[in-house]
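Asker: Structure for the following, please:
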Amino acid sequence: MYFENQTFENQNYTTQPLLVWEYENCIFQECNFSHSSISQIQFVDCEFLSCNLTMIETFATKLQNVRFVESKLLWVELKNCNEFLFEVSFIKSNLELASFSGMKIKNTSFEYCDLKEVNFTGADCSGVNFSHSNLTWALFQRTKLEKAIFQNAYNYVLDPEENTLSGAQFSLEWLPGLLTKYHITIY
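Answerer: Below is the predicted model of the structure:
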């Protein structure tokens, strides 16, 4: 089955999960998906506005040109999504404890997001925009961050020797986050 150009408002998918179909150019507004499954569902050109997707299951979920605005995606294993044509963006969203481990998420935008303890280990984050995002305890190990944008991002700690940073952009005030492992004081 197939849904196109539809808006789903104030739906509670915690008791009655979203049907495993394809959704194209659909808007989900103020919907609650918490602790449910969106596994094997295809979302193409969709938007999630002020939705709660805390601890959703995402096995083989297709996210192609999907935008999340002011939404919660706590503890979400986005690494389980179908990587073919995977394209997402996040604005003012909370992704605390989510995982993109090992994924190719080139040019993804995380603007004004809460990315506390998000796992980016082994991910290709080339060109990713982290502008104005909180990266407290975000995990960057063997992460490709070429041309990534960290301008006005804050609370990040990453090792330049363990990650690829060529062409990445940083705000001067948060440069100490690149030197943490050296245990030096900067004034």
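Asker: Now for the chain, the helix or strand with the poorest mean pLDDT.
Answerer: Using mean pLDDT, DSSP states H and E, strand 169-170 stands out as the lowest-scoring helix or strand of the chain, at a mean of 92.
Asker: Which strands border that strand, and is each parallel or antiparallel?
Answerer: Strand pairing for strand 169-170, using DSSP bridges, gives strand 149-150 (parallel).
Asker: so where do the strands sit in the protein?
Answerer: Under the criterion DSSP state E, strands of the chain are mapped to 2-4, 7-9, 22-24, 27-29, 42-44, 47-49, 62-64, 66-69, 88-91, 109-111, 149-150, 169-170.
Asker: Tabulate those in JSON lines, adding columns for mean neighbour count and distance to Thr121.
Answerer: Backbone N, C-alpha and C define where each C-beta goes, glycine included. Below are those laid out as JSON lines (neighbours: other C-beta atoms under 10 Å; distance: least, C-beta to C-beta, whole Å):
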{"stretch": "strand 2-4", "mean neighbour count": "11", "distance to Thr121": "35"}
{"stretch": "strand 7-9", "mean neighbour count": "13", "distance to Thr121": "34"}
{"stretch": "strand 22-24", "mean neighbour count": "18", "distance to Thr121": "30"}
{"stretch": "strand 27-29", "mean neighbour count": "19", "distance to Thr121": "29"}
{"stretch": "strand 42-44", "mean neighbour count": "20", "distance to Thr121": "25"}
{"stretch": "strand 47-49", "mean neighbour count": "21", "distance to Thr121": "25"}
{"stretch": "strand 62-64", "mean neighbour count": "20", "distance to Thr121": "20"}
{"stretch": "strand 66-69", "mean neighbour count": "21", "distance to Thr121": "22"}
{"stretch": "strand 88-91", "mean neighbour count": "20", "distance to Thr121": "18"}
{"stretch": "strand 109-111", "mean neighbour count": "21", "distance to Thr121": "16"}
{"stretch": "strand 149-150", "mean neighbour count": "22", "distance to Thr121": "17"}
{"stretch": "strand 169-170", "mean neighbour count": "16", "distance to Thr121": "20"}
